[in-house]
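Enquirer: I would like the atomic coordinates for the input below:
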Amino acid sequence: MKQPRIVVIGSANIDLVTYTDQFPRPGETIFGREFSLGFGGKGANQAVAARLCGAEVAMVARVGDDLFGPANIENFTSRGIDVRHVMTTAGVSSGVAPIFVESSGQNRIWVVKGANDRVSPADVDAASDVLEGAHFLVMQLEIPVETVYYALRFARERGIRTILNPAPGQALELARIAAADYVIPNETEAEALAGMPVRDLDDARECALRLLDGGVRRVIVTLGANGALLARKDGMTHVAPFAVTPVDTTGAGDAFIGSLACFLAEGCEETAAIRRANLYAALSTLGPGTQKSFVTRERFDAEWGGH
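Expert: This is a model prediction of the structure:
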């Protein structure tokens, strides 16, 4: 089997998680119970998932010239991800996500995009050496939308297959994302794209049809515990989930995208690749955290054999 080559153009964040019994009132200082620092950002998460599944992965991103910039780069390097096109941006912070979690489980999250907001079309051009050898280019929406549109057109002109995960959810110009080979939203992101609620499988079918009518080539709506829906002009297929008892679902969508890119690039037929990605995502929910909950290819293959 050929080793897939995946390039991710996207975000790299540091998640700063504070666990507390209550949130402070204005002007009040309280003690938190626990603190955790982790690597995140949808782009970085998807790159790590693809790498753990066995792909050769390159990251195109920007970090700040602060303490977190070198840490992000070292995280990629330690995982064997190509960082030649991870640039340090002077005078800007790295992307961070301060997260406060109450003992009830209620959370409050601030995302400061920082250097992620400086990823530009020029960065796409500068990475043409790695892009032109890629089996798939993977993107999300934690970098400027204009850069995403530019990269989709860049890839289409060169015959590079693309996956767009339109997350976080926002309205996009369907004509401009039609260059993507796969558009993969979850329910809320599909709603933002199509302008209609997605509460169940029937809604997902109607929503996918609207996106196809808008020019999108293939849509995969991820439905959490209900699996995923693959929609193409020639029909739709519901791919069943794998039943697990989740510990933490954070990052499961990123696990799905990164693993799917790897399985498709290996030559898996679409429905089979989605079924595998469903299992990979399900396995990621069995441990806490994001990247640290993603499993190796060996673990995945063992679980897949059992199913």
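Enquirer: burial count for Arg217?
Expert: Neighbour count for Arg217, taken as other C-beta atoms under 10 Å: 16. To be clear about C-beta, it is placed using only N, CA and C from the backbone, and glycine gets the same treatment.
Enquirer: so who does the closest residue in space to it that isn't next to it in sequence touch?
Expert: Distances taken as C-beta to C-beta, 6 or more residues apart in numbering place Asp181 nearest to Arg217, at 5.9 Å, with adjacent residues excluded. Shown in contact with Asp181 (C-beta atoms under 8 Å, 6 or more residues apart in numbering): Arg161, Thr162, Ile163, Arg217, Arg218.
Enquirer: what of Arg84?
Expert: Ala58, Val130.
Enquirer: so how far is Ala175 from it?
Expert: Distance, Arg84 to Ala175, using C-beta to C-beta, to the nearest Å: 33 Å.
Enquirer: again with Ser259
Expert: For Ser259, the distance to Ala175 equals 29 Å [C-beta to C-beta].
Enquirer: the residue lying closest to Lys42 once chain neighbours are set aside: neighbour count?
Expert: Leaving aside its chain neighbours, Lys42 sits nearest to Gln140 (4.2 Å; criterion: C-beta to C-beta, 6+ apart). Neighbourhood size, Gln140 [other C-beta under 10 Å]: 26.
Enquirer: need phi/psi at Gln140.
Expert: With angles defined as degrees, to the nearest 10, Gln140 sits at phi -140, psi -160.
Enquirer: and it, what's its pLDDT?
Expert: Reported pLDDT at Gln140 in the predicted model: 98.
Enquirer: test my guess that it contacts Asn165.
Expert: Yes: counting by C-beta atoms under 8 Å, Gln140 touches Asn165, with 4.6 Å between them.
Enquirer: which residue ranges of the stretch 101-250 of the chain form strands?
Expert: Taking DSSP state E, counting those that start in this stretch, the strands of the stretch 101-250 of the chain run over residues 107-109, 136-139, 161-164, 182-183, 219-222, 228-232, 235-239.
Enquirer: can I get the third one in PDB, CA atoms only?
Expert: In this case it means strand 161-164. Extracted as PDB, the C-alpha positions of strand 161-164 are listed here (Å, rounded to 0.1, in the frame of the first residue of the first chain):
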ATOM      1  CA  ARG A 161      -7.700  16.500  -4.300                       C
ATOM      2  CA  THR A 162      -9.100  18.600  -1.400                       C
ATOM      3  CA  ILE A 163     -11.200  18.200   1.800                       C
ATOM      4  CA  LEU A 164     -12.800  21.300   3.300                       C
END
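Enquirer: could you say what helices and strands that strand packs with?
Expert: strand 136-139, helix 145-158, strand 182-183, helix 252-265 (3 or more C-beta pairs under 8 Å, 6 or more residues apart in numbering; DSSP states H and E).
Enquirer: okay, those in JSON lines with mean neighbour count and distance to Thr89 next?
Expert: Shown next, in JSON lines, are the helices and strands packed on strand 161-164 (neighbours: other C-beta atoms under 10 Å; distance: least, C-beta to C-beta, whole Å):
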{"stretch": "strand 136-139", "mean neighbour count": "28", "distance to Thr89": "19"}
{"stretch": "helix 145-158", "mean neighbour count": "18", "distance to Thr89": "14"}
{"stretch": "strand 182-183", "mean neighbour count": "25", "distance to Thr89": "29"}
{"stretch": "helix 252-265", "mean neighbour count": "28", "distance to Thr89": "23"}
